[in-house]
Structures are given as structure tokens and as C-alpha cells.
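Asker: take a look and give me a structure for this.
(one chain, ligands or ions: 2)
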Amino acid sequence: MLIRVPVRHDPLPSEITPRRVWDKRRDLIRMAAAGIALPLASGPVNAQTGKPALKLAAVPGPFASTDKPTSYRDVTTYNNFYEFGLEKDEPARRAGSLKVRPWSVAVEGAVAKPTTFNIEDLLKLAPMQERTYRMRCVEGWSMVIPWIGFSMSELIRKVEPTGNARFVEFVTLADAGQMPGLRSSVIDWPYREGLRMDEANHPLTLLAFGLYGEVMPNQNGAPIRLVVPWKYGFKSSKSIVRIRFLEKQPITSWNRSAPQEYGFYSNVNPEVDHPRWSQATERRIGEDGFLTRKRPTLMFNGYAEQVASLYAGMDLRREF
Ligand SMILES: Nc1nc2c(c(=O)[nH]1)N[C@H]1C(S)=C(S)[C@@H](COP(=O)(O)O)O[C@H]1N2
Ligand SMILES: [Mo]
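Answerer: Ligands and ions are numbered 1, 2, ... in the order given. Presented below is the predicted three-dimensional model:
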């Protein structure tokens, strides 16, 4: 059963939501999913600001991880978003300068219906679902995050790709006025990533607009980002402004800056080491005590059952 819940996204977030607010919100989401009418004025309140929390209602979606979600605090303060600095705490401290309204996403290239979507229209394109996914960074740490969004395939359908569309490129905003990290030249800005068409169309591939029941915090890639849970985190582009359908495999930012270290596919693969470190294990953020054992990294980050068939017949050591 899938019930559409109205999406609210007026103000913008960047505060920490205490656990009990989150728990209360989950109850509300469950009530909404059960068809119980919610009085508008009595939604959860952010304990720090006293203002209504920035809800993004969703119904439970498929593929939910059974692992315990990483705390909201860790999810929103330990980030990679190089446009706001190279340190993990910098995006949370500096991404307040990101202007997420107005925002539009140009979808173009090998499609019958190239469209520039206003973010408000994208939010209404398909019912919002909560999808709790594992995320594994190439650096050797992982998190479990309750994202909110819908499958990328919903957007792909709308623009009607032509027979020439074999790859999809995702381009992030690059505005030095809002993004102090652009002064660094680690990346040839804008940040670019790409997927093969069948990967982009896979139901696991999520366009995400929020997490933990809230509108996406800026540091996590507001107002719209990709989440591809079987690939290393860097494939999941944040703050997307352009999506391009292509015949040829695009050059991605990390592939360009270090081709011997970051391939196009970048599937999580414990059997293929990074040239400078092993990928066999990972540190789950929040579990890091002195005696805490690392977790073994799973093939395709644990999503092999869903995605292994996409790579049948490929040599994943060569096509890493
Ligand atoms: N635009 C942009 N997207 C990005 C990055 C970035 O630096 N810029 N970092 C990537 C990396 S390396 C990771 S691990 C994830 C981190 O997402 P999170 O901070 O929401 O956990 O975002 C990815 N998307
Ligand atoms: Mo990453």
C-alpha cells in the first residue's frame, strides 16, 4: 500500500534533531501511512530553535537495511563535500552559505523530452519513500542512513531517453561565491559523476531530498543528491544541477584526478584493494571504540543480490 503524503519543505534545515523528536516523527509518519489524519499545527518541533521541524513526509520504501542507523549527529557532522572544505567537519560548519532556493535541475542530452525541472516540481514527481541504506566511503568508513527520496528511474521515465542514451552524467553546482572549497584545486570543478544507464535505472538508485524525516541538510547535498548504495560514496553526487544522458562514458571528477585509484565503476569490492590501502574491512561510524572490531566489507556493500547481475561477465579487477 502506498499513500501519498503531502510534502512540506518551506524553511531550510541545518540543526540537530534530538532522537526523541525523531522517534515522535516516526510515529507521525506511521500514522500518516496508516491513513490517520494529522492535525497540521501539531507537527514535531525542533528543540533547539522552537520552530516547526522541517519535515519531509515519506512512507517506508523497499531495500531497508536491518543495521542500526548511524546517529543523526554523525550523519550530519561527518561529511565529504569538498565544495565546502576537505575536513569532515567543514561541510556542517560552512554549507550554510549554500542557497538551495531557487534551484533547478537541467535534464538533457539523448532524451526525447529535455526538461529543466524546478526543485518544487521534482519534489512532486513521485511519492517520497524512506530508504535506509548502508553507505561505504572509499576511505574505509561506513554509515547507515535513513534517506528520503524516490528511484532515479522515476525521473528517467519522464524524459524518455533515446536509444543513444547509454550513460548518465551528474553535475554538481560550482559557485565559488557559495562554495569556499572551490578555491582548492583537488578537483577540476564542477564535481562530475556518472553511471551506466542500467545502473541509473536500477530501483536501488535513489534521488534523495532528505534524511531522518527532514529536508536534506545542506552538508548532505541539499536540495537534491544521488545515492547509489552499492558503490563507493563518491559516486553519490550532491547538490545536482545537471543530468545529462550520453552515448559515451563520461569522464568523472575522481577518475580524472587519479585514474589509477578511482575507476568509472567504483563498486564496493573487498577483493580489489585501493592502490594505497586494503578495502577488505570498514569502520562503522559511531562504533569506533578502542576495542571495536572493524566490519568486513561486503561485496557490492551487501547489495549483491540486487545488483551483481548488472556486472555478469565483467572483470571487476580491470573495470574497477
Ligand atoms: N558534490 C559533491 N558530492 C559528493 C562529494 C563531494 O565532495 N562533492 N563527496 C562524495 C563522497 S566521497 C562521499 S563519501 C559522500 C558523502 O555523503 P554524506 O556526507 O552525505 O555522507 O558524498 C559524495 N558526494
Ligand atoms: Mo567517500
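
Asker: how much space separates the closest residue to ligand 2 within the stretch 1-150 of the chain from ligand 1?
Answerer: Closest approach between the stretch 1-150 of the chain and ligand 2, counting by Cβ to the ion: residue 137, at 3.4 Å. Bear in mind the C-beta positions are built from the backbone N, C-alpha and C, glycine included. As judged by Cβ to the nearest ligand atom, to the nearest Å, residue 137 and ligand 1 stand 4 Å apart.

Asker: now residue 251. Nearest residue, chain neighbours left out?
Answerer: residue 192 (7.2 Å; Cβ to Cβ, 6 or more residues apart in numbering).

Asker: by contact count, what packs against the one helix or strand residue 155 maps to?
Answerer: Per DSSP states H and E, residue 155 falls inside helix 152-159. Judged by 3 or more Cβ pairs under 8 Å, 6 or more residues apart in numbering; DSSP states H and E, the packing partners of helix 152-159 are helix 197-201, strand 206-211.

Asker: switch to 10 Å and redo it
Answerer: In terms of contacts (3 or more Cβ pairs under 10 Å, 6 or more residues apart in numbering; DSSP states H and E), helix 152-159 is packed against strand 104-109, strand 115-118, helix 119-123, strand 167-172, helix 197-201, strand 206-211, strand 240-246.

Asker: can you lay out the ones you listed as CSV showing distance to residue 146?
Answerer: Shown next, in CSV, are the helices and strands packed on helix 152-159 (distance: least, Cβ to Cβ, whole Å):
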stretch, distance to residue 146
strand 104-109, 23
strand 115-118, 25
helix 119-123, 18
strand 167-172, 22
helix 197-201, 22
strand 206-211, 6
strand 240-246, 20
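
Asker: how about those in JSON lines, adding mean pLDDT?
Answerer: Below are the helices and strands packed on helix 152-159 laid out as JSON lines (pLDDT from 0 to 100):
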{"stretch": "strand 104-109", "mean pLDDT": "98"}
{"stretch": "strand 115-118", "mean pLDDT": "98"}
{"stretch": "helix 119-123", "mean pLDDT": "98"}
{"stretch": "strand 167-172", "mean pLDDT": "99"}
{"stretch": "helix 197-201", "mean pLDDT": "98"}
{"stretch": "strand 206-211", "mean pLDDT": "98"}
{"stretch": "strand 240-246", "mean pLDDT": "99"}
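
Asker: most packed of the ones you listed?
Answerer: Looking across the helices and strands packed on helix 152-159 with neighbours counted as mean count of other Cβ atoms under 10 Å, the highest average goes to strand 206-211: a mean of 26.

Asker: so for the helix or strand following that one, mean pLDDT?
Answerer: The helix or strand immediately downstream of strand 206-211 is strand 214-215, counting by DSSP H and E. What strand 214-215 shows for mean pLDDT is 97.
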